[in-house]
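> Okay, sequence plus prediction incoming.
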Protein chains: 2
Amino acid sequence: MIAFGWNSIFQEQVAGHRARDGRLGPLIDDAGRFYKPLQGDERGANEVSFYASFSSNTKIPDHIKSFFPEFDGTRLVEASDGSGMQTHLVLQDLTFGHVNPSIMDIKIGSRTWHPQAPDGYVHRCLKKDRGTSSLPLGFRVSGARIFKSTESGYWEPENRLSIQTLSADEVKLLLKSFVSSNTSEEPHMKPDCAFASTVYGGSNGILSQLVELKAWFEDQTIYHFYSSSVLMMFEKDLASSGKSPRAEIKLVDFAHVHKGNGVIDHNFLGGLCSFIKFISEILTTPEDSSADSLVEDAQRNHIHSENGSVYDVSLN
Amino acid sequence: MIAFGWNSIFQEQVAGHRARDGRLGPLIDDAGRFYKPLQGDERGANEVSFYASFSSNTKIPDHIKSFFPEFDGTRLVEASDGSGMQTHLVLQDLTFGHVNPSIMDIKIGSRTWHPQAPDGYVHRCLKKDRGTSSLPLGFRVSGARIFKSTESGYWEPENRLSIQTLSADEVKLLLKSFVSSNTSEEPHMKPDCAFASTVYGGSNGILSQLVELKAWFEDQTIYHFYSSSVLMMFEKDLASSGKSPRAEIKLVDFAHVHKGNGVIDHNFLGGLCSFIKFISEILTTPEDSSADSLVEDAQRNHIHSENGSVYDVSLN
């Protein structure tokens, strides 16, 4: 088993049964299963009940179910921190069978708390939402891991907070870099968006999948997803060699899902539409000037400054 | 001139130049113009700049401009409270030429404050949003005036707060009553939704117009509308006699519009989609059981209680 967590997926991939620093984290096996340790408080129980409800709900169409990790109950597994047997959610390992997936985690919604949450929790979340891209953009990038090449490995942000606080133009640039052949070896070149049309575009691309998901959110009143993410991934090697890049989206992190009570999830839907607009703009106007000036800014920053600005972190 | 304000439209219509209780309020003339006194603080200036920017913006398609009141600048007019000449916005009187319009005012968005607002303002708005339908539903009904008959006049809620705090089922029932022939003379009968198909449905109906507006909000990144409303109106007499009921929507109240800065208005869009779902459910399942049980509840309440519950207010 290898510890490889969605929450830490963009920071480290550690080999072996036990996480390198002895922390509790998710595990995977070689049969494509992902073991997520249950959070001890009500979040763990909440995530289990969501998966149990969702996977057995016959009103959810199959094409929507395919946007969620498969669920195989819970199991007692020896925890990665050496604390002994602990209950884990047994889920589909979303990166199973992938060679060098480029991955981004986008936490959807301008609001990460539900209306009935206690005041203290609301204020903590609100502070974070206001301090990050969530409130202005309706989503925040909460992780990115972009494959560069077999020699150079992956680009990852230096710290998670910086990537969560990107401006609209910085997010646009990062989303371009994600599908560019020149992302990171030449960090101050304008991203060429070489793979935009095959990864974001096309009938099986990310945009199509997002639009399919959006149609469901315009209609479904069963669940409200707070603090859940869209995971977006593809294989750059396949894209480079002209093959289908296995571009796909998955929804993850359901510790804060609540009942919809007959109302659509307007918070998630609004954020999803905002994210869709960013992706579709890259397809329609890959050469827009705001990104140009941002690249020029970055070049200036690189010359004059060594300390990582928010922008630098998103590119280096 | 007659004082007849959007803000007070659902509470009173007072004849004559001066408002009955001497308060400052909007005025109309007999040429179809609506004079809205400029709010003294930055809200007034903000609303003028929005109208000036919007009306001159050549990127806004004509079919979208038609969802907004026409703007004819500002003018010094003697104020309704007798305080002398004051600056008023000169707008289109949306009820001009209507005989007995039924009107609802729906404030769109789960959040009525913009991300850069000062803390004190945010907390005041947040408290109101949490205490009303805004946060759970993504919108709140902020006024309603439903024509019953020439003899009985209009139904109006007894107080504004009660209508702002309706639950999802109560909003559904109110939206059904809005297009029913038996709205108010028989308040405890199930609304018959007699005019739903002509007012909400059809190629020129409210739903079509809302969907058209939604398409614009999925794309436009120029303006973010906080605390703005969709005004929805039609003529019951026309509907009853089988004529086109002049069903239309208009956006109003732009004192809190901000620049979009390249991002869609995900807060307004989410709330709009939620409202659209309510309207479309009435068209697809006018006989759903939740409203049945609510009507039964209302009958029980009516028998056992004289004091107006939130629900009673929405019907009586």
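Ah, there it is.

> Need the three-state assignment for A:Ser208.
The local conformation at A:Ser208, judged by DSSP: H, G, I helix; E, B strand; the rest coil, is helix.

> And A:Ala144, how far from B:Ala79?
56 Å (Cβ to Cβ, to the nearest Å). In this view, the C-beta of every residue, glycine as well, is placed from N, C-alpha and C.

> so who does the one residue in the stretch 51-200 of chain A that gets nearest to chain B touch?
Taking Cβ to the nearest Cβ as the measure, the point where the stretch 51-200 of chain A comes nearest chain B is A:Gly138, at 3.5 Å. Contacts of A:Gly138 were listed using Cβ atoms under 8 Å, 6 or more residues apart in numbering or on different chains, and they are A:Ile108, A:Gly109, A:Ser110, A:Gly270, A:Gly271, A:Cys273, A:Ser274, A:Phe275, B:Val263, B:Ile264, B:His266, B:Asn267.

> okay if I get those residues as JSON lines plus secondary structure, distance to A:Leu210 and pLDDT?
Formatted as JSON lines, the contacts of A:Gly138 follow (DSSP: H, G, I helix; E, B strand; the rest coil; distance: Cβ to Cβ, whole Å; pLDDT from 0 to 100):
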{"residue": "A:Ile108", "secondary structure": "strand", "distance to A:Leu210": "10", "pLDDT": "98"}
{"residue": "A:Gly109", "secondary structure": "coil", "distance to A:Leu210": "15", "pLDDT": "98"}
{"residue": "A:Ser110", "secondary structure": "coil", "distance to A:Leu210": "17", "pLDDT": "98"}
{"residue": "A:Gly270", "secondary structure": "helix", "distance to A:Leu210": "14", "pLDDT": "98"}
{"residue": "A:Gly271", "secondary structure": "helix", "distance to A:Leu210": "11", "pLDDT": "98"}
{"residue": "A:Cys273", "secondary structure": "helix", "distance to A:Leu210": "9", "pLDDT": "98"}
{"residue": "A:Ser274", "secondary structure": "helix", "distance to A:Leu210": "11", "pLDDT": "98"}
{"residue": "A:Phe275", "secondary structure": "helix", "distance to A:Leu210": "7", "pLDDT": "98"}
{"residue": "B:Val263", "secondary structure": "coil", "distance to A:Leu210": "16", "pLDDT": "98"}
{"residue": "B:Ile264", "secondary structure": "coil", "distance to A:Leu210": "14", "pLDDT": "98"}
{"residue": "B:His266", "secondary structure": "helix", "distance to A:Leu210": "14", "pLDDT": "98"}
{"residue": "B:Asn267", "secondary structure": "helix", "distance to A:Leu210": "19", "pLDDT": "98"}
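
> out of the residues you listed, which is most surrounded?
Neighbour counts for the contacts of A:Gly138 were taken using other Cβ atoms under 10 Å in any protein chain shown; the highest belongs to A:Gly270, which has 33 neighbours.

> So what's the residue count around A:Met233?
A:Met233 is surrounded by 23 other residues when neighbours are defined as other Cβ under 10 Å.

> Helix or strand: which one has it?
strand A:229-235 (DSSP states H and E).

> what's the answer for A:Asp169, then?
A:Asp169 belongs to helix A:168-178 when assigned by DSSP H and E.

> if I pick the residue nearest to A:Asn46 when sequence neighbours are not counted, what's in contact with it?
What sits nearest to A:Asn46 in space, not counting adjacent residues and going by Cβ to Cβ, 6 or more residues apart in numbering or on different chains, is A:Ala255, at 5.5 Å. Contact criterion Cβ under 8 Å, 6+ apart gives A:Gln39, A:Arg43, A:Gly44, A:Asn46, A:Glu47, A:Ser227 as the residues in contact with A:Ala255.
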